[in-house]
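>>> Got a predicted structure here, sequence first:
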Amino acid sequence: MNKWNKLASKTQINKTVKNLTVNGFTVIVVDSAKKAKTKVLELIPKNSEVMTMSSETLRLSGITKVINESGKFDSVKVKLSKMNRETDSLEMQKIGGAAEYTLGSVHAVTEDGHVIIASNTGSQLGAYAYGSPHVIWVVGTQKIVKNNKEGIKRIYDYVLGLESKRLFKEHGVKSNVSKLLIIDKEINPNRLTLILVKERVGF
């Protein structure tokens, strides 16, 4: 098994949760992607404005589908799909970058309590760093690494290849690590929530 896809031990999870909490993150640990989906839906009031960022974790867990297709939420993705990128690009950036609730995942979580997100375009990073007042990440514990150095290595050695393969299959293009966001600490209580899943989901 690839070391970047190995689920974290109980000891690693406990250490990570402790340090994330010290650094201002709210952390919830669940056993499965199914339970993560249930928890996400508990955390978001019905009719709330919600942006689902591109994420295999959200797609595979069924979260993307229920948020954008159930009619129970004010889906930003649905709004954006009806707009014209050529004429409405600035408005689309504003809407996508400051939703009431933003859902996604991250590419690495460190045992010392930091998260790392890589992006080609950077479209999700503004909401994660500041724009959205409520950010919820669903993260398989195979993404837990020792420190930032290992997290970045995980992105280049493992995640980038899988994401490029996915994009090429769907759109005929490859991905890049154009931008990296490392969040060491959150100063606004309850703004950032990580739901750690004790099974492999996403990459």
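Sure thing, it's come through.
>>> what sits against the most centrally placed residue in the chain?
The residue lying closest to the centre of the chain (C-alpha atoms, centre = their mean) is residue 105, at 1.5 Å. Residue 105 makes contacts with 53, 55, 56, 57, 58, 137, 138, 139, 202, as judged by C-beta atoms under 8 Å, 6 or more residues apart in numbering. Where C-beta positions appear, they are placed from N, C-alpha and C, glycine not excepted.
>>> got it, and residue 146?
With contact set as C-beta under 8 Å, 6+ apart, residue 146 has these partners: 110, 111, 112.
>>> State the distance from the last one to residue 145.
Residue 112 sits 10 Å away from residue 145, going by C-beta to C-beta, to the nearest Å.
>>> Who has more neighbours out of the two?
Legend: neighbour count by other C-beta atoms under 10 Å for residue 112 and residue 145, higher for residue 145 (26 against 17).
>>> The more buried one pairs with what?
Going by DSSP bridges, residue 145 is paired in beta bridges with residue 110.
>>> where does it land on pLDDT?
Note for residue 145: predicted pLDDT of 98.
>>> circling back to that earlier point, and which of the contacts of residue 105 is nearest to residue 35?
Distance to residue 35, by C-beta to C-beta, is smallest for residue 138 among these, at 10.4 Å.
>>> just checking, what packs against the host helix or strand of residue 29?
Per DSSP states H and E, residue 29 falls inside strand 26-30. Contacts defined by 3 or more C-beta pairs under 8 Å, 6 or more residues apart in numbering; DSSP states H and E place strand 26-30 against helix 10-22, helix 33-43, strand 192-197.
>>> so what strands line up beside it?
When DSSP bridges is applied, strand 26-30 pairs with strand 192-197 (parallel).
>>> The partner strand relative to helix 10-22, how many degrees between them?
With axes from the mean of the first three to the mean of the last three C-alpha atoms, to 10 degrees as the basis, strand 192-197 and helix 10-22 are set at 170 degrees to each other.
>>> which residues touch strand 192-197?
Contacts of strand 192-197 (C-beta under 8 Å, 6+ apart): 13, 16-17, 20, 24-33, 35-36, 39-40, 43, 61, 106, 109, 115, 134-141, 144, 183, 186.
>>> Only the C-alpha atoms, please, for that strand, written as PDB.
C-alpha atoms of strand 192-197 as PDB (Å, rounded to 0.1, in the frame of the first residue of the first chain):
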ATOM      1  CA  LEU A 192     -13.200  26.100  10.500                       C
ATOM      2  CA  THR A 193     -14.500  22.600  11.100                       C
ATOM      3  CA  LEU A 194     -12.700  19.400  10.100                       C
ATOM      4  CA  ILE A 195     -14.700  16.100  10.000                       C
ATOM      5  CA  LEU A 196     -12.000  13.400  10.200                       C
ATOM      6  CA  VAL A 197     -13.200  10.100   8.700                       C
END
